[in-house]
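**Student:** what's the 3D shape of this:
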Amino acid sequence: MKVKIDTKEKFHIITIQERHLSANMTEELNKEMLLFLEKDLKNVVLKMIEVKEIDELVAVSLVNIQQKFYDNNASFVVCEISSAIEQYLDKLELLEMMNITPTESEAWDIVQLEEIERELLPPNPLKGGTIM
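**Tutor:** Sure, this is the predicted structure:
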C-alpha cells in the first residue's frame with residue numbers, strides 16, 4: 001500500500017495513495033496505522049482524498065483502528081473522503097462511528113481539541129470496545 005507521511009507538531013498526516021482499498025490490504029493497513037501508537041507522537045490524520053473505493057473489511061478495520069487509538073489516548077481522524085465512500089460507510093452503518101471531517105484543516109482542529117481534552121479531563125474508565 002502506498003502512503004505519504006507528513007509529520008506535524010501534534011500529529012502525523014497519512015495520505016493513502018491508492019484508488020481502491022481492498023480487503024487484502026486490511027492487515028497492512030492495520031500494521032501501518034497501529035505502528036504510530038508506539039511512537040511519542042501518536043495522533044494520526046488519515047487523508048483519503050485519492051481513495052475512490054473501499055471494501056467492507058477495510059471500513060470495519062478503520063473503525064477498530066480508531067477505537068484502538070482512543071483506547072491509547074491518541075487521536076485518529078479520517079478526512080477528505082469521497083461522497084461515494086461516505087455513502088457506502090453510511091450504508092454499512094459505520095459512518096456515525098467514525099471521526100470524519102471534510103477537510104484536513106478540520107481534522108487538525110479535532111486533534112488539537114482532543115489533545116486539550118486529554119490534558120484537562122481524567123481518563124474515562126468506560127471506554128468502548130471493537131466491532132467484529
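
**Student:** now the protein, which segments are flagged as low pLDDT?
**Tutor:** Applying pLDDT under 70 to the chain picks out residues 123-132.

**Student:** residue ranges for the strands of it, please.
**Tutor:** Remark: strands assigned in the chain by DSSP state E are 3-7, 12-16, 20-21, 44-47, 53-54, 76-79, 100-101.

**Student:** closest one to Asp90 among these?
**Tutor:** strand 100-101 (10.5 Å; C-beta to C-beta). Using the backbone N, CA and C atoms, a C-beta is placed for each residue, glycine as well.

**Student:** Format the strands of the chain as TSV; extra columns: mean neighbour count.
**Tutor:** Converted to TSV, the strands of the chain look like this (neighbours: other C-beta atoms under 10 Å):
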stretch	mean neighbour count
strand 3-7	12
strand 12-16	20
strand 20-21	18
strand 44-47	26
strand 53-54	20
strand 76-79	25
strand 100-101	20
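
**Student:** nearest to Ile116, of the ones you listed?
**Tutor:** For the strands of the chain, proximity to Ile116 was assessed by C-beta to C-beta; strand 76-79 is nearest, at 14.7 Å.
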